[in-house]
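In: give me a 3D structure for the following:
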Amino acid sequence: MADEIPLYERDPGAWRAYLAEGNARQARKRVGADVLIRNRRGDVLLVDPRYKPDWDLPGGMAEANEPPHHAAERELREELGLVVRVGMLLVVDWVPPHDPWDESLMFVFDGGTVDVGADQLRPTDDELSDCRFTPLPDAARLLRPYVWQRLEQAVIALTTGSPRYLVNGS
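Out: This next block holds a predicted model:
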C-alpha cells in the first residue's frame, strides 16, 4: 500500500539495526582541524612539525567523535599553550588518499588576532620544533603547495565572510 509506514518508523529496534548496518558499511573519513591565527600586523601563525617535511597551520587531527572545532581548540592548547575559541569556519578541504594515507576532510577555522609576541610563543609539545608569525607572502615558501592554497582560500573566506569548499587545496 502507498500509505504504508516504513518499518523503521514503527519499530525503533529495526531503525537502530538499519543505522548500525549503514554505520558498519559506510566509509569513515579522517578529520583534521587547523586554525588561521594572526598577529596585529596581519602575519599568520605557522608551526614546524617534527614529523612533516614542511611548515603547517596550527591544528591537528580530530579524535573519535570529537567535533572539528573542538579538535582545533584542543590542539592549540596541547601544542602551543594557546587558549583560543575558534570562530567562523573558513575552509573545508577534501584531501584524496595519498600513499598510504586515506582520504580526509580538513577544516580551517578563524582563530582571530592574538596579542602574543614572538618571544612569548613556544611549542609546548614535542610534536613541534618551532612556531612563528610569518608574513603571508613568506608562508607560500614554507608550506606545501596544497596547504598554501588552503591558507590563501582561508584568507579570502575571512575577507568575504563566505566559507570555501576545496578539493585538495583548489
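
In: from Y165, how far off is M61?
Out: 20 Å (CB to CB, to the nearest Å). C-beta: built from backbone N, CA, C; applies to glycine.

In: can you list contacts of the host helix or strand of V31?
Out: Taking DSSP states H and E as the criterion, V31 maps to strand 30-38. Strand 30-38 has contacts (CB atoms under 8 Å, 6 or more residues apart in numbering) with 44-45, 56-62, 68-69, 71-72, 75-76, 82, 84, 86, 90, 101-114, 133, 150-151, 154-155, 158.

In: repeat that with 6 Å
Out: 44-45, 57-59, 61-62, 68, 71-72, 86, 104-111, 113-114, 154 (CB atoms under 6 Å, 6 or more residues apart in numbering).

In: give me the subset of these lying in helices.
Out: 68, 71-72, 154 (DSSP state H).

In: farthest-separated two in the residues you listed?
Out: Across these, no pair lies farther apart than A71 and A154, at 16.4 Å, counting by CB to CB.

In: please say which of the two ends up with more neighbours.
Out: In terms of neighbours (other CB atoms under 10 Å), A154 is the more surrounded of A71 and A154; the figures are 25 against 22.

In: quick one, what contacts the more buried one?
Out: By CB under 6 Å, 6+ apart, the residues touching A154 are 36, 90-91, 108.

In: ditto for F107
Out: Taking CB under 6 Å, 6+ apart, one finds 33, 68, 92 in contact with F107.
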